[in-house]
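1. could you work out the structure for the sequence below:
(chains A and B)
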Amino acid sequence: MAAGEHKTPNYMAIFWWLAGFTAVEVAYSSLLPHSQKALLILGLVGFATIKASLVALYFMHLKFERRSLGIIVGSTLILGVILVSVGMAEHLLPRP
Amino acid sequence: MEAIALTHAPAPGHEEEYTTTGIPHDKMGMWVFLCSEVMFFTGLIGSYIVLRFATPLWPQPSSVLNIPLTAVNTFILICSSVTMVQALAAISRGDARKMKLFLCLTLLFGATFLSIQGVEYWKLLHEGFNPHVSLFGSVFFTTTGFHGFHVFCGVVCMAFVTGKAFLGKYTQARHQGIETLGLYWHFVDLVWIVLFTIIYLI
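-> Down below sits the predicted model:
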């Protein structure tokens, strides 16, 4: 963290965003009928992605790090997405 | 090689260290470790998603798990992340007193998270929900258990770093330990954000 010289982010603002998104997530999950599964998954995954990005970018300071570190982390995430996608494709795609 | 190395100025908190990448060695090592952890948790989360897709009768998580309690626990872990980053910000400004305060708070929040998870497990086991009862039970305890183990390791390391902080081992010019542990701690928080959504809410 704190690699280069950069303006210190407003950590409390990030904290309140994270807390707010958590509350919204719980409300969204409990209020939305579970028959609308696609909308539920899309919304919740969206909220989780925003929250995880806030932690990685501001608390872990990835936003202020060198590009080389971003490439290392980014390539790992791409591999992770491929891993999950292949597993899901196994069930979603029709078998010959 | 040496000429290249000397072209990079050391980062704040790493005054005596020169690297060819411009990223301090301990930080780079932690990032590489965290990348391997990303793959570890991706395997667990991926398995959960695949098993859930493949199982027609999957219980609604809210019918088995205590969502409000876990939401509070999620909030506690987010609090611990903000106190951790504030500890680093404090020592970067040279404020050792606030660094110690924020480290203690992080330690407290981490221990509270583990205690609440312990209570949650105890209640679930007493209600008959255990790793043997269903596929959901099996993947739930495996995934959250591994995360809990990571938090436990973080709390142990946090206790060590907090002890060093009270011994005056960290200064404005040298505080790699806090920075490196902070990365690990935020990663554990980040993983929980994903787990809470996928296992508890969806």
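2. contacting residues around residue 44?
-> No chain was given, so I picked chain A. Neighbour list for A:Leu44: A:Glu25, A:Tyr28, A:Ser29, B:Thr197, B:Leu201, B:Ile202 [criterion: C-beta atoms under 8 Å, 6 or more residues apart in numbering or on different chains]. Using the backbone N, CA and C atoms, a C-beta is placed for each residue, glycine as well.
3. look at chain B instead
-> By C-beta under 8 Å, 6+ apart, the contact set of B:Leu44 is B:Val139, B:Thr142, B:Thr143, B:Phe146.
4. please redo it, this time with the cut-off set to 7 Å
-> Applying C-beta atoms under 7 Å, 6 or more residues apart in numbering or on different chains to B:Leu44 gives the contacts B:Thr142, B:Thr143, B:Phe146.
5. so which of the residues you listed is the most crowded?
-> B:Thr143 (19 neighbours; other C-beta atoms under 10 Å in any protein chain shown).
6. go ahead and confirm that one touches B:Ile199.
-> Yes. Using C-beta atoms under 7 Å, B:Thr143 is in contact with B:Ile199, at 6.4 Å.
7. who touches both of those two?
-> Common neighbours of B:Thr143 and B:Ile199 are listed as B:Tyr48 (criterion: C-beta under 7 Å, 6+ apart).
8. quick one: pLDDT of A:Ala38?
-> In the prediction, the pLDDT value recorded for A:Ala38 is 87.
9. just to revisit the earlier point, tell me which of the contacts of A:Leu44 fall in strands.
-> If you go by DSSP state E, the contacts of A:Leu44 have nothing in strands.
10. which one of those residues is nearest to A:Val55?
-> Nearest to A:Val55 out of the contacts of A:Leu44 is B:Thr197 (C-beta to C-beta; 13.2 Å).
11. could you measure from the closest one over to B:Leu101?
-> According to C-beta to C-beta, to the nearest Å, B:Thr197 stands 31 Å off from B:Leu101.
12. low-confidence regions, chain A specifically.
-> For chain A, applying pLDDT under 70 flags the ranges A:1-6.
13. of the contacts of B:Leu44, closest to B:Gly177?
-> B:Phe146 (24.7 Å).
14. ok, now which ones touch the closest one?
-> So B:Phe146 contacts B:Leu44 (C-beta under 7 Å, 6+ apart).
15. pLDDT wise, what is it at?
-> We have a pLDDT of 97 for B:Phe146.
16. so it is in which element?
-> Counting by DSSP states H and E, the element that carries B:Phe146 is helix B:135-166.
17. list the buried ones in whichever helix or strand comes after that helix?
-> The helix or strand immediately downstream of helix B:135-166 is helix B:176-195, counting by DSSP H and E. For helix B:176-195, a neighbour-count test (16 or more other C-beta atoms under 10 Å in any protein chain shown) marks B:176-195 as buried.
18. for stretch B:109-125, same thing?
-> B:Phe109, B:Gly110, B:Ala111, B:Thr112, B:Phe113, B:Leu114, B:Ile116, B:Gln117, B:Glu120, B:Tyr121, B:Leu124.
19. what is the mean pLDDT for it?
-> Stretch B:109-125 carries an average pLDDT of 96.
20. flag every buried residue along the longest helix along chain A.
-> Longest helix in chain A, counting residues (DSSP state H): helix A:67-92. For helix A:67-92, burial by neighbour count (16+ other C-beta under 10 Å) applies to A:Leu69, A:Ile72, A:Val73, A:Thr76, A:Gly80, A:Leu83, A:Val84, A:Gly87.
21. what sits against the residue sitting nearest the centre point of chain A?
-> For chain A, the residue sitting closest to the mean C-alpha position, by C-alpha atoms, centre = their mean, is A:Thr49 at 2.1 Å. By C-beta under 7 Å, 6+ apart, the contact list for A:Thr49 is empty.
22. can you check B:Gly137 too?
-> B:Phe129, B:Asn130, B:Pro131.
23. possible to save these as JSON lines with secondary structure, neighbour count and distance to B:Ala71?
-> Formatted as JSON lines, the contacts of B:Gly137 follow (DSSP: H, G, I helix; E, B strand; the rest coil; neighbours: other C-beta atoms under 10 Å in any protein chain shown; distance: C-beta to C-beta, whole Å):
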{"residue": "B:Phe129", "secondary structure": "coil", "neighbour count": "19", "distance to B:Ala71": "19"}
{"residue": "B:Asn130", "secondary structure": "coil", "neighbour count": "15", "distance to B:Ala71": "23"}
{"residue": "B:Pro131", "secondary structure": "coil", "neighbour count": "15", "distance to B:Ala71": "23"}
